[in-house]
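> Need coordinates for the following:
(chains A and B)
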2 protein chains.
Amino acid sequence: MTSAPLYVVLLHHPVYDKHGDVVATAVTNMDVHDLARIGKTYGVNGVYIATPVRALRLLAEKILEHWRSGFGAEYNETRREALALVHTVVDLDAAILEVERSAGDRPVLVATSARDANERISFAGLRSRLATSGAPHLLILGTGWGLTKEILERADLILEPIRGVADYNHLPVRAAAAIMLDRLLGSV
Amino acid sequence: MTSAPLYVVLLHHPVYDKHGDVVATAVTNMDVHDLARIGKTYGVNGVYIATPVRALRLLAEKILEHWRSGFGAEYNETRREALALVHTVVDLDAAILEVERSAGDRPVLVATSARDANERISFAGLRSRLATSGAPHLLILGTGWGLTKEILERADLILEPIRGVADYNHLPVRAAAAIMLDRLLGSV
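Below is the predicted model:
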């Protein structure tokens, strides 16, 4: 049984805001750190932070640099290890290129959404696919009020939403990522 | 089949720092919001933020107030709903009292730890216990480098750690809480 290399990209654009307008959200320090630690825990091959805003990419790079080789690397070893997974990119296309360069193949695009609809792949379905396929997969997470229709349409697969016990579906993207990776890769 | 009321408390003291010293950590805005949304998603009955530092409790209360009945309540409805679950307390004993007042019974204390050891209850074991018992349970999460030995000894049960694919076990407490609640209460 092979196991597919899995990559994660967090898109800060194009995503919706609460009014359904397409926006670019701000990169948050907490998202970068949490995705790094969660990714490291589940053996993810790479985490991409995508934003078209150059100043935010530079800021993220500066934070990464601090923890990877600056003072932070010595101060906090587990943070250094986790942040070694993280790279900044301009957009989804740049993330795809990076995965292709790293894994040797164009990744299968797996979009995520908190909204249910037809033709969603189940967690069990994707888990089994990842366990048996050798092809790299790129899990696409959206900030704000979620990925735009265009991104969903471009994806090869759309993962079913996480359902809680009621109708409330407003998990922070950090929490959704943790739950998704646990369901897809966690030891059971 | 009954279902046990589940409560969560996030302890900021007593917990270890990276050197193994017992400290009080700072309450972070992000932990409060994330635990609220995660708790709301999985139908948790209450979330307690415990710190002995009065100024930090007041700060947390001010933030809660803003989103529950201030400007934020109208601005962001889903955040209001989630934060309605959250209360601040001085320490674990105060949280126990609050649960007792809310649920009518003293809760079963379930500690959590990233370290493995003997006599840990499995996720499946606790899930089945929660699904069939009517007794309130209080899940105790630690900040910093984790709950002290004294808290673990005081607990009725200690939940097994979340294991990733390698030896890396440094999940943010927000991510650990999301994964735990999904494993314990998520629809499968």
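> tally of neighbours for the nearest residue to residue A:78 once chain neighbours are set aside?
Nearest residue to residue A:78, sequence neighbours excluded (C-beta to C-beta, 6 or more residues apart in numbering or on different chains): residue B:170, at 4.2 Å. Every C-beta, even on glycine, is put in place using the N, C-alpha and C of the backbone. Around residue B:170 there are 20 other residues, counting by other C-beta atoms under 10 Å in any protein chain shown.
> does residue B:170 really touch residue A:38, like I thought?
No: assessed by C-beta atoms under 8 Å, residue B:170 is found out of contact with residue A:38, at 10.0 Å.
> need the contact list for residue A:183.
By C-beta atoms under 8 Å, 6 or more residues apart in numbering or on different chains, the contact set of residue A:183 is A:123, A:127, B:182.
> Is it correct that residue A:143 is in contact with residue A:15?
Yes: applying C-beta under 8 Å, one finds residue A:143 in contact with residue A:15, separated by 5.5 Å.
> Can you work out which residues contact both of these two?
residue A:25.
> following the worst-scoring helix or strand of chain A on mean pLDDT, which helix or strand comes up?
Every helix and strand in chain A was compared by mean pLDDT, DSSP states H and E; the lowest is helix A:71-75, with a mean of 79. Counting by DSSP states H and E, the next helix or strand C-terminal to helix A:71-75 is helix A:77-83.
> what is the mean pLDDT for that following helix?
Across helix A:77-83, the average pLDDT comes to 88.
> Which neighbouring elements make contact with the top helix by length along chain A?
Taking DSSP state H as the criterion, chain A has its longest helix at helix A:54-68. The contact analysis (3 or more C-beta pairs under 8 Å, 6 or more residues apart in numbering or on different chains; DSSP states H and E) places helix A:54-68 against helix A:29-41, helix A:77-83, strand A:86-89.
> what comes up buried for that helix?
Within helix A:54-68, the residues scored as buried using 16 or more other C-beta atoms under 10 Å in any protein chain shown are A:56-57, A:59-60, A:63-64, A:66-68.
> Pick out whichever of those residues sits closest to chain B.
Using C-beta to the nearest C-beta, residue A:67 comes nearest to chain B of the buried residues of helix A:54-68, at 12.9 Å.
> who touches that closest one in this structure?
Contacts for residue A:67 (C-beta under 8 Å, 6+ apart) come out as A:73, A:76, A:79-80, A:83.
> Touching, residue A:147 and residue A:15? I think so.
Yes: contact criterion C-beta under 8 Å: residue A:147 and residue A:15 qualify, at 6.1 Å.
> Look at the two and report which has more neighbours.
For residue A:147 versus residue A:15, the count of surrounding residues by other C-beta under 10 Å is larger for residue A:147: 25 against 22.
> Show the backbone phi and psi for the more buried one.
phi -60, psi 150 (degrees, to the nearest 10).
> cool, residue A:138 as well?
Backbone torsions for residue A:138, taken as degrees, to the nearest 10, come to phi -120, psi 110.
> That one contacts residue A:106, doesn't it?
No: if you go by C-beta under 8 Å, residue A:138 and residue A:106 don't touch, sitting 9.2 Å apart.
> Which one (most neighbours) among the contacts of residue A:67?
Ranked by neighbour count under the definition other C-beta under 10 Å, the contacts of residue A:67 are headed by residue A:83 with 25 neighbours.
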